[in-house]
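Participant: Sequence first, predicted coordinates after that:
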Amino acid sequence: MPTDEAVAPPPPAQVPPPLVPGLRGLLTLAVGVVLVAALYFGREVFIPLVLAVLLSFVLGPVVNLLRRIKLGRVPSVIVAVLLALAVIGGFGAIIGTQVAGLAGNLPQYQATVQKKFAGLQQGWLGEASRVVQKFSHQVHDVTQKADAAGTSAATGPAGDTPKAQLVRVQEPEVSPLALAEKVLGPIFEPLTTVGIVLVVVVFLLLQREDLRNRMIRLFGSGDLHRTTVAMDDAARRLGTYFLAQLGMNATFGVIIGVGLWFIGVPNPLLWGVFSALMRFVPYVGAFISAVFPLTLAAAVDPGWTMVIATAALFLVAEPLFGQVIEPLLYGHSTGLSPFAVIVSTLFWGFLWGPIGLILATPFTVCLVVLGRHVDSLEFLDIMLGDRPPLTPVENFYQRMLAGDPDEAQEQAELLLKERSLSSYYDEVALKALQLAANDYQRGVLRDEQLDTIRRLTQSLVREFAKRPDETPETEGSEKAGSEASLAEKEHPKNEAVPGQAPEPDARPPVWRGEAPVLCIAGRGPLDEAAASMLAQLLGKHGLGARVVPHQDVSRENVRGLDVQGVAMVCISYLDISGNPAHLRYLLQRLQEKLPGKPLLVGLWPAEDAILTNQALRRQVGADYYVVSLRQAVETCLEALRKEITPAPPAATTGPTRAKAVPAPT
């Protein structure tokens with residue numbers, strides 16, 4: 001028997017709690033620990049391999065150049081490796097000769113340092129030294145008295161002090177084999193490493209295509225075209241970057257060597273080579289390389305002029321290269337965040353020592369490039385790369401949710417340097433509002449949070465009131481596009497809406513008012529913000545518009561709606577929840593209030609069923625359906641032009657309604 005008891009509304013959707021890391025998470029952690037341990041304990045094996053891989057990137061363009069002059073694969077590889085061996089051997093010979101000459105002059109430098117410190121001891125340094133010595137003697141006397149008191153208490157009045165015993169240590173005789181190992185060991189170890197590196201480089205250069213195919217099979221066989229393009233692009237850009245960095249560091253070393261030669265510091269070739277190598281260590285490598293020339297300058301010059309000139313040379317050269325020349329030549333091509341550079345330097349320095357410090361940045365660059373192009377390794381780009389971890393849409397939503405519109409505006413200003421305002425509204429702001437609307441439908445967004453997002457979004461729209469809807473002319477756009485990852489290249493970036501509305505004198509009378517377009521917000525809590533964006537864009541293209549909240553067109557209030565001077569109506573919906581009945585009734589009320597006026601419905605979620613169901617569109621009864629603000633503005637401008645120049649009568653009678661504007665490509 002039916003009753004009048006009300007049915008309780010269903011509870012709001014709940015967000016499931018975060019999952020507790022299970023066996024898979026523990027297995028991943030165990031694999032990470034094992035991998036780090038293998039890198040540490042197997043560094044004798046991994047260091048030559050990594051050096052060989054990086055050297056193959058450097059020699060790859062050289063091999064390609066030799067092959068283009070018809071030298072052949074094997075001869076090209078052999079010539080390139082011999083060239084690298086000659087360069088390495090030349091640097092080794094220079095370093096050996098310079099170190100030998102430096103060692104022969106050490107007694108002379110020692111005498112100069114002693115004279116300089118003797119002079120300092122006669123001044124304030126000597127006074128400070130005497131104070132420290134006096135304090136040290138006092139502490140020593142107190143310690144001796146305490147030790148004597150403790151010794152007498154332990155031995156007693158009748159205790160006998162034990163006599164000291166003479167012990168003689170005799171060194172064992174060194175065998176010839178041990179002597180040879182001690183002398184030749186430090187020489188053979190680096191030579192063995194160089195030999196292994198060169199052998200591996202030869203095989204890497206000869207088997208490049210085969211190794212590339214194996215990498216494709218491992219990481220991206222599901223999309224061969226995309227993975228092949230990504231691997232080729234990554235290898236090309238890595239080789240270019242390594243060559244550019246090698247050239248920059250070599251130039252830095254030459255400038256340091258020449259500068260030290262002019263200053264008069266001994267062994268300038270040694271310090272130039274050392275500075276070039278140390279500059280591979282990010283941020284601090286160049287300044288660490290200045291310690292030895294500064295010490296030598298202090299040992300050579302009786303005064304301080306040479307020390308000051310050497311310090312000035314490094315303080316000018318390194319900022320000039322790091323902050324001016326490098327960004328001009330190849331930009332921030334490392335793609336690493338500053339935090340990632342520091343962490344990677346510490347990590348690889350701990351694992352592999354000084355070699356790890358030099359290899360940290362190149363090796364991390366390899367990982368980041370792979371992370372940008374291989375989906376399964378994307379986490380490397382997120383953790384180590386310098387690109388924003390959140391998409392512009394997610395960043396907009398997160399900043400509005402946190403109540404921080406200033407950062408959202410700052411990000412918008414950056415995006416508007418390379419895209420139009422209508423593109424930013426369509427591809428960033430509206431999609432962020434859709435995320436908020438979806439979260440509100442799921443019950444994870446509170447009413448006060450939703451009100452904050454709506455209020456801050458409208459304030460952000462007001463900040464762009466004076467900005468025109470134009471596509472900016474960005475310099476170097478081709479270069480920026482070539483450096484973008486595949487995901488960034490797929491992100492849409494539409495141009496500004498073309499054209500402007502005719503002058504008011506050239507329009508029909510109904511379109512001459514201050515606001516001929518009426519922008520009505522849907523019943524969603526964020527639809528009014530979307531309607532404000534549409535009204536602003538219409539105004540920038542010469543069509544005045546005003547925004548009306550949804551409650552003004554309700555059944556109770558629609559009779560009092562001011563429609564004077566309205567030529568067209570645009571309705572904005574972020575979500576109609578799969579039930580267009582309320583939209584159909586709203587259009588019926590507007591058709592009664594504004595007979596004959598075109599009605600446009602903007603359904604910003606482009607996957608809505610109305611856009612694909614012809615019968616549903618006829619049932620709803622709108623004249624136009626659009627899926628972007630750009631289409632809405634273009635449709636309004638086109639409707640005005642049709643009023644100015646009426647179309648010729650069609651062959652069939654009857655009006656054409658429910659036109660769906662196609663989505664932009």
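Facilitator: Yep, that arrived. Numbering: from 1, shown residues only.
Participant: I figured residue 534 hits residue 629, correct?
Facilitator: Yes: the pair residue 534 / residue 629 is scored as a contact, 5.4 Å apart, by C-beta atoms under 8 Å. Quick note: C-beta positions are derived from backbone N, CA and C, even for glycine.
Participant: what is in contact with those two at once?
Facilitator: Common neighbours of residue 534 and residue 629, counting by C-beta atoms under 8 Å, 6 or more residues apart in numbering, are residue 602.
Participant: which residues in the stretch 201-350 of the chain form helices?
Facilitator: Per DSSP state H, counting those that start in this stretch, the stretch 201-350 of the chain carries helices over the ranges 208-219, 224-263, 268-278, 285-289, 291-300, 305-320, 326-330, 338-373.
Participant: Could you single out the most deeply buried of those?
Facilitator: Of all these, helix 268-278 carries the top mean neighbour count, a mean of 23, counting by mean count of other C-beta atoms under 10 Å.
Participant: Determine the set of other helices and strands touching that helix.
Facilitator: Where contact means 3 or more C-beta pairs under 8 Å, 6 or more residues apart in numbering; DSSP states H and E, helix 268-278 is packed against helix 73-104, helix 224-263, helix 285-289, helix 291-300.
Participant: And those helices: which comes nearest residue 31?
Facilitator: Closest of those to residue 31 is helix 224-263, at 23.5 Å (criterion: C-beta to C-beta).
Participant: still on that earlier bit, of all the helices and strands packed on helix 268-278, which one comes closest to residue 592?
Facilitator: helix 224-263 (53.9 Å).
Participant: from memory residue 200 sits against residue 54, does it?
Facilitator: No: judged on C-beta under 8 Å, residue 200 makes no contact with residue 54 at a distance of 11.0 Å.
Participant: Am I right that residue 465 is in a strand?
Facilitator: No: counting by DSSP: H, G, I helix; E, B strand; the rest coil, residue 465 falls outside a strand, being coil.
Participant: which residues touch residue 416?
Facilitator: Contacts of residue 416 by C-beta under 8 Å, 6+ apart are 424, 467, 472.
Participant: Throw the residues you listed into a markdown table and include neighbour count, thanks.
Facilitator: Formatted as a markdown table, the contacts of residue 416 follow (neighbours: other C-beta atoms under 10 Å):
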| residue | neighbour count |
| --- | --- |
| 424 | 26 |
| 467 | 15 |
| 472 | 12 |
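Participant: Out of those residues, the closest to residue 41 would be?
Facilitator: Distances from residue 41 to the contacts of residue 416, taken as C-beta to C-beta, are shortest for residue 424 (52.0 Å).
Participant: thinking the closest one is in contact with residue 412, fair?
Facilitator: Yes: with contact defined as C-beta under 8 Å, residue 424 and residue 412 form a contacting pair (6.3 Å).
Participant: need the helix or strand of this protein with the lowest average pLDDT.
Facilitator: helix 477-483 (a mean of 42; mean pLDDT, DSSP states H and E).
Participant: and residue 600, which of the three is it?
Facilitator: Going by three-state DSSP: residue 600 is strand.
Participant: Quick one: neighbours of residue 64, just the number.
Facilitator: By other C-beta atoms under 10 Å, the residues close to residue 64 number 13.
Participant: now the strands for this structure?
Facilitator: For the chain, the strands defined by DSSP state E occupy 517-521, 545-548, 568-573, 599-603, 624-626, 659-660.
Participant: still on that earlier bit, and the helices of the stretch 201-350 of the chain, which one's lowest on average pLDDT?
Facilitator: Ranked by mean pLDDT, the helices of the stretch 201-350 of the chain bottom out at helix 326-330, with a mean of 63.
Participant: can you tell me which of the helices and strands packed on helix 268-278 comes nearest to residue 35?
Facilitator: Closest of the helices and strands packed on helix 268-278 to residue 35 is helix 224-263, at 21.7 Å (criterion: C-beta to C-beta).
Participant: Tell me the spacing between residue 420 and residue 412.
Facilitator: Distance, residue 420 to residue 412, using C-beta to C-beta, to the nearest Å: 12 Å.
Participant: Quickly list the domain ranges of this structure.
Facilitator: Per automatic domain parsing, the structural domains of the chain span 25-122+185-205, 237-384, 392-471, 504-647+656-660.
Participant: Look up how far residue 279 lies from the nearest residue to residue 325 once chain neighbours are set aside.
Facilitator: Using C-beta to C-beta, 6 or more residues apart in numbering and skipping the chain neighbours, the partner closest in space to residue 325 is residue 248 (7.1 Å). To residue 279, residue 248 is 8 Å away according to C-beta to C-beta.
Participant: I figured residue 266 hits residue 295, correct?
Facilitator: No: assessed by C-beta under 8 Å, residue 266 is found out of contact with residue 295, at 11.5 Å.
Participant: what residues are shared contacts of the two?
Facilitator: What both residue 266 and residue 295 touch, as defined by C-beta under 8 Å, 6+ apart, is an empty set.
Participant: So residue 435 versus residue 599, what's the distance?
Facilitator: 28 Å.
Participant: ok, those two, which is more surrounded?
Facilitator: Shown here are residue 435 and residue 599; by other C-beta under 10 Å, residue 599 has more neighbours (21 against 18).
Participant: The more buried one bridge partners, please.
Facilitator: residue 569 (DSSP bridges).
Participant: Look up the closest residue to residue 564, ignoring the ones flanking it.
Facilitator: In space, residue 564 is closest to residue 513, 7.8 Å off (C-beta to C-beta, 6+ apart).
Participant: So what's the residue count around the one you found?
Facilitator: 16.
Participant: Repeat that for residue 192.
Facilitator: Residue 192: 11 neighbours (other C-beta under 10 Å).
Participant: again, but for residue 28
Facilitator: Residue 28 has 11 nearby residues by other C-beta under 10 Å.
Participant: per-residue confidence at it?
Facilitator: Residue-level pLDDT assigned to residue 28 equals 72.
Participant: if we can go back for a sec, hang on, isn't the residue nearest to residue 325 packed against residue 326?
Facilitator: Yes: between residue 248 and residue 326 a contact is recorded at 6.1 Å, counting by C-beta under 8 Å.
Participant: got the contact list for the closest residue in space to residue 260 that isn't next to it in sequence?
Facilitator: Nearest non-adjacent residue to residue 260, counting by C-beta to C-beta, 6+ apart: residue 268, 4.0 Å away. For residue 268, the contact set (C-beta under 8 Å, 6+ apart) comprises 256, 257, 258, 260, 261.
Participant: Please produce JSON lines containing the residues you listed, extended by distance to residue 440.
Facilitator: Output for the contacts of residue 268, formatted as JSON lines (distance: C-beta to C-beta, whole Å):
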{"residue": "256", "distance to residue 440": "61"}
{"residue": "257", "distance to residue 440": "66"}
{"residue": "258", "distance to residue 440": "67"}
{"residue": "260", "distance to residue 440": "67"}
{"residue": "261", "distance to residue 440": "71"}
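Participant: Which one of these is nearest to residue 458?
Facilitator: Nearest member of the contacts of residue 268 to residue 458, counting by C-beta to C-beta, is residue 256, at 57.1 Å.
Participant: Was I right to think that closest one contacts residue 317?
Facilitator: Yes: between residue 256 and residue 317 there is a contact under C-beta under 8 Å: 6.4 Å.
Participant: quick one: which of the strands of the chain is nearest residue 439?
Facilitator: With respect to residue 439, and counting by C-beta to C-beta, the nearest of these is strand 568-573 at 17.2 Å.
Participant: Flag every buried residue along that closest one.
Facilitator: 568, 569, 570, 571, 572, 573 (16 or more other C-beta atoms under 10 Å).
Participant: and the last one, what is it in contact with?
Facilitator: Residue 573 makes contact with 522, 524, 527, 583, 601, 602, 603, 604, according to C-beta under 8 Å, 6+ apart.
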